[in-house]
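Chemist: Take this sequence and fold it.
(chains A and B)
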Amino acid sequence: MVDKIVIENLSLQYSDGTESLRGISMGIPQNAVTVLFGPAGGGKSTLLRCLNRLNDLTEIKASSGRILIDDTNILDPKIDVIALRRKVGMVFARPVPLPLSIRENVIYGLELAGEKRKSKLDEAVERSLKLSAIWEEVKDRLDEPAIALSGGQQQRVCLARVIALQPEIILLDEPTSGLDPISTGKVEAALLELKKEYTIILVPHSVQQAARTADHAAFFLQGELIEYGEGKTMFTAPKQKKTEDYIMGRFG
Amino acid sequence: MMTKFLSRNRHTVQRLGFSFITLMAVMTVLPIVGTIVYILVQGGSAISWDFITGFPHDGMRAGGILPAIIGTLYLTIGSAIFSVPLGIAAAIYLSEYAKDNQWTRLIRLAIINLAGIPSVVYGLFGLGLFVLFLQFGTSILAASLTLSIMTLPVIISTAEESLRAVPQAFRTVSISLGATRWQTIRRIVLKEALPGILTGVILGLERAAGETAPILFTGAAFFLPRLPQSPFDATMALPYHLFVISTQVPEMPIQIQYGTALVLLVFVLTMNLIATVIRSRARARRQW
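Modeler: Purely as a prediction, here's the structure:
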């Protein structure tokens, strides 16, 4: 299988000294769900935010290493970071619908990318809402404010908003942490569908979710990558003692 | 028996306390209501169509106050032209772009202090800079510029506050969807902050409309037989006109003084009302 993303010896430290990454190296395969799991403060979100350069918004003390997406080092200051973010979409822990209608939320990124044709935009709205398993619930109320939806619906609209840009990689940072089990099930089902087309990197909100969704899993502890491998083996027969302890619920 | 007495006593103390607080609350309203009622009673009879649309005559002892009304409108609009774009731009810089360092702290300190400067000092500054140095003369332009410097701190600080109140998550999400910082500000942040910004703008301009001292040396005229023709003309203005007819003209009919005050009051209170309506409607509509 081809690695879509290759991370080489990535280290990073925030200015306020909170989270950090230490010498992370890993390859992330195409068309699969790769799960980054571990206790809070382990560097999972930080790694996600490196992949779309969202960390540019934060004060960084020091960083080194490379991240290659399709053989291009995206940490290179000279790359087009806007284009990168269109290619690498992100869904956040808390659903944050922009203060716009459902439709406007979905086409927000596309419009910024310069798409003006109504037919294209309508097509994108329907396609991405369907892929996010929310189309049936909202198709008659696309012009209502997105905030009026339930949390679970909002999060799927947020997912659709990312899909509308037809990215290649989708990052999800605990996307179901605030959702009920039914909504969580719907989001997870959508992910299974989406991985046929996209490379998905998920920070799950529980070990159970990690085990349910992972094709590949990486265990992070205090900024270090402890173990990385097949999802199935990781959750049944982890090689590292620390991974096992965490999965068995002995800490974290 | 002792406890019974104490408990009754406690109730009495509580009732007395409440009455006192209520009285204090009522007393804060009294001066405002009193002023309005008094001016209404004294000046109401002066208000007529001719008073609003006519020129003063007989040494301003009769006729209308049209030039003063128009002048105040010009000065308010004039100061808006300078202070609104500049103030909002400064607020966007402070809230969205500036890092929190020595330099921005200095800017904020300057803004706070600017708000505390007595208005007559602004007037003198305007005289020195705009009237004399830049040779605008005593003119609408010089007076508007002076007023706009005075209103800037109000506009900047309320606008900055409204911008900061927009949740950070909106910005992060927008950026993550491939928006530039400026696109994010224009499409999301400004839109959400607009009602708050407008409120600040109106409150600032309201102050500009009612001030006398800053225009005293920079653009206000005692009496003009015709309306100003260009920004380089001096103008009559309501607050200054009120000062003039109350202190400088002997045997001035009292209704005209209070009628002028009433017009100024209505002008300013209308602006206030608009600000209040914008604010409450935005609050009802807000989604966060």
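Chemist: Helices along the stretch 1-150 of chain A, start to end?
Modeler: Remark: helices assigned in the stretch 1-150 of chain A by DSSP state H, counting those that start in this stretch are A:44-51, A:81-87, A:102-112, A:118-131, A:135-138.
Chemist: can you redo these as CSV with mean pLDDT?
Modeler: Shown next, in CSV, are those (pLDDT from 0 to 100):
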stretch, mean pLDDT
helix A:44-51, 92
helix A:81-87, 93
helix A:102-112, 93
helix A:118-131, 91
helix A:135-138, 90
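Chemist: how about those helices in a markdown table, adding mean neighbour count and distance to chain B?
Modeler: To be clear about C-beta, it is placed using only N, CA and C from the backbone, and glycine gets the same treatment. Formatted as a markdown table, the helices of the stretch 1-150 of chain A follow (neighbours: other CB atoms under 10 Å in any protein chain shown; distance: least, CB to the nearest CB, whole Å):
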| stretch | mean neighbour count | distance to chain B |
| --- | --- | --- |
| helix A:44-51 | 23 | 9 |
| helix A:81-87 | 18 | 4 |
| helix A:102-112 | 23 | 4 |
| helix A:118-131 | 16 | 12 |
| helix A:135-138 | 16 | 17 |
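Chemist: of all those helices, which lies closest to B:Phe18?
Modeler: helix A:102-112 (50.2 Å; CB to CB).
Chemist: got the contact list for the closest one?
Modeler: Contacts with helix A:102-112, where a contact means CB atoms under 8 Å, 6 or more residues apart in numbering or on different chains, come from A:86, A:97-98, A:100, A:115, A:120-121, A:124-125, A:128-129, A:138, A:141-146, A:149, A:157-158, A:160-162, A:164-165, B:174, B:177-179, B:183, B:187.
Chemist: Now restrict those residues to buried residues only.
Modeler: A:86, A:97-98, A:100, A:121, A:124-125, A:128-129, A:138, A:142, A:145-146, A:149, A:157-158, A:160-162, A:164-165, B:174, B:177-179, B:183, B:187 (16 or more other CB atoms under 10 Å in any protein chain shown).
Chemist: how long is stretch B:223-239 from one end to the other?
Modeler: With CA to CA, to the nearest Å as the measure, stretch B:223-239 spans 13 Å from end to end.
Chemist: quick one on the thing from earlier: now, which of the buried ones among the contacts of helix A:102-112 lie within strands?
Modeler: In strands, judged by DSSP state E, none of those are found.
Chemist: Does chain A have contacts with stretch B:87-95?
Modeler: No. Using CB under 8 Å from any CB of the partner chain, stretch B:87-95 never reaches chain A; the gap is at least 14.7 Å.
Chemist: quick one on the thing from earlier: with distance to B:Thr12 as extra columns, can I get the helices of the stretch 1-150 of chain A in a markdown table?
Modeler: Below are the helices of the stretch 1-150 of chain A laid out as a markdown table (distance: least, CB to CB, whole Å):
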| stretch | distance to B:Thr12 |
| --- | --- |
| helix A:44-51 | 61 |
| helix A:81-87 | 69 |
| helix A:102-112 | 60 |
| helix A:118-131 | 67 |
| helix A:135-138 | 61 |
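Chemist: of all the ones you listed, which lies closest to B:Pro153?
Modeler: helix A:102-112 (34.5 Å).
Chemist: Give me the phi and psi for B:Pro250.
Modeler: phi -70, psi 150 (degrees, to the nearest 10).
Chemist: The closest residue to chain A within the stretch 101-250 of chain B: what's its closest spatial neighbour, skipping adjacent residues?
Modeler: Nearest residue of the stretch 101-250 of chain B to chain A: B:Leu177, at 3.8 Å (CB to the nearest CB). In space, and not counting its chain neighbours, B:Leu177 is closest to A:Gly109: 3.8 Å by CB to CB, 6 or more residues apart in numbering or on different chains.
Chemist: Tally up the residues packed near residue 180, please.
Modeler: I went with chain A, as the question did not name one. 11 (other CB atoms under 10 Å in any protein chain shown).
Chemist: that's the other chain; I wanted chain B
Modeler: If you count neighbours by other CB under 10 Å, B:Thr180 ends up with 13.
Chemist: list the contacts for the residue lying closest to it once chain neighbours are set aside?
Modeler: Nearest residue to B:Thr180 in three dimensions, chain neighbours excluded: A:Ile82, at 6.5 Å (CB to CB, 6+ apart). Going by CB under 8 Å, 6+ apart, A:Ile82 touches B:178-180.
Chemist: Now render the residues you listed as CSV, adding pLDDT.
Modeler: Output for the contacts of A:Ile82, formatted as CSV (pLDDT from 0 to 100):
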residue, pLDDT
B:Gly178, 92
B:Ala179, 93
B:Thr180, 92
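Chemist: Does the residue sitting nearest the centre point of chain A fall in a helix, a strand, or a coil region?
Modeler: For chain A, the residue sitting closest to the mean C-alpha position, by CA atoms, centre = their mean, is A:Leu171 at 1.5 Å. On the three-state scheme (DSSP: H, G, I helix; E, B strand; the rest coil), A:Leu171 is labelled strand.
Chemist: show me what contacts residue 79?
Modeler: Here I'm looking at chain A. By CB under 8 Å, 6+ apart, A:Ile79 lies in contact with A:72-73.
Chemist: Wait, chain B was what I had in mind.
Modeler: Under the criterion of CB under 8 Å, 6+ apart, the neighbours of B:Ser79 are B:144-145, B:147-148, B:151, B:205, B:208.
Chemist: Farthest pair within those residues?
Modeler: The span of these, defined through CB to CB, is set by B:Leu145 and B:Leu205 at 14.1 Å.
Chemist: Give the other helices and strands that the longest helix seen in chain B contacts.
Modeler: For chain B, the helix with the greatest residue count under DSSP state H is helix B:2-43. For helix B:2-43, the elements it packs on are helix B:254-285, judged by 3 or more CB pairs under 8 Å, 6 or more residues apart in numbering or on different chains; DSSP states H and E.
Chemist: contact partners of stretch A:46-55?
Modeler: In contact with stretch A:46-55 (CB under 8 Å, 6+ apart) are residues A:5, A:7, A:10, A:12, A:14, A:19-21, A:24, A:36, A:58, A:67, A:69, A:74-75, A:81, A:84-85, A:88-90, A:169, A:171, A:173, A:201, A:203, A:220, A:223, B:172, B:175-176.
Chemist: Which pLDDT value does the model give A:Glu19?
Modeler: Per-residue pLDDT puts A:Glu19 at 69.
Chemist: Correction: the previous question concerned B:Phe55.
Modeler: Note on B:Phe55: pLDDT of 86.
Chemist: Pull the number of nearby residues for it.
Modeler: Counted by other CB under 10 Å, the residues lying close to B:Phe55 total 18.
Chemist: Spit out the contact partners of it.
Modeler: B:63-64, B:66-67, B:225.
Chemist: Just want to check the distance between the closest residue to B:Gln255 other than its chain neighbours and chain A.
Modeler: Distance criterion CB to CB, 6+ apart; nearest residue to B:Gln255, sequence neighbours excluded, is B:Ala46 at 3.9 Å. Distance of B:Ala46 to chain A, computed by CB to the nearest CB, to the nearest Å: 48 Å.
Chemist: Same question for B:Gly54.
Modeler: For B:Gly54, the distance to chain A - CB to the nearest CB - is 49 Å.
Chemist: check contacts around that residue.
Modeler: Going by CB under 8 Å, 6+ apart, B:Gly54 touches B:63-66.
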